[in-house]
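Q: Sequence plus predicted model, see below.
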Amino acid sequence: MKIWEILLISIGITIDVFAVTVCWGAMLQKVDRVWLAKTSCLVALWESAALLAGQLLAVLPLWHGKSESISRLGRGLSIFLLVGLGLYMFFKAHRAKPLQETRISGYAMKYVFLAALAMSVDAYLAGMGMGLLGALPVYSTLCFFIITILSVIVGIYCGYWIGCEQRKGAYCVGGILLLLSGAEVFLVHVL
């Protein structure tokens, strides 16, 4: 995989993180920088670990081999995962309900951990797709880690300043990026 493909998929997946953290930021009375640093590192570490786990599962001999039939299966599964995640983002945008913004002093790290755990399913599936396409785990995980940290920080501050009304749009942007990634994989790796 090329670096721009990894970036496109990473941004598409971390849009989910961005949308969640926008809602967190909209509820905060004040953004505590220490809490923000801990939160962004915790979420990025957990998301990156899920991405790496998905990639490592995909490179097991069961999935990844030299034969053309297994390679075709891997490319087809990658396209299915990327398109499925993109459609899921649109579904999340459609079902997102308005939130009552009530200012609170902060979130417990236990809550942040549970939210990171729930958000990591998308990263795990994307990691499987990236692994099946031959992405190098070190580069893709590092890229994903950095983009996740940025998504958390930007999401918290966007939510704090403008509220959480824009999360539907964020989900749609993530869905578009993942669908474009799936189309690109189809055009480059299948045709």
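A: In hand now; what should we look at?
Q: For Tyr107, which residues are in contact?
A: The contact partners of Tyr107, by C-beta atoms under 8 Å, 6 or more residues apart in numbering, come to Trp24, Trp35, Thr39. C-beta here means a position set from N, CA and C on the backbone, and glycine is covered the same way.
Q: Which of the three states applies to it?
A: Classification of Tyr107 using DSSP: H, G, I helix; E, B strand; the rest coil returns coil.
Q: any chance you could read off phi and psi for it?
A: phi -110, psi 140 (degrees, to the nearest 10).
Q: got it, and Val31?
A: Dihedral angles for Val31 - degrees, to the nearest 10 - are phi -90, psi 110.
Q: element containing the nearest residue to it once chain neighbours are set aside?
A: Excluding its sequence neighbours, the residue lying closest to Val31 (C-beta to C-beta, 6 or more residues apart in numbering) is Tyr160, at 5.4 Å. In the assignment (DSSP states H and E), Tyr160 maps to helix 137-162.
Q: Quick one: list the elements packing against that helix.
A: Contact here means 3 or more C-beta pairs under 8 Å, 6 or more residues apart in numbering; DSSP states H and E; on that basis helix 137-162 packs against helix 3-27, helix 33-58, helix 109-132.
Q: the longest helix in this structure is where?
A: If you go by DSSP state H, the chain has its longest helix at helix 68-95.
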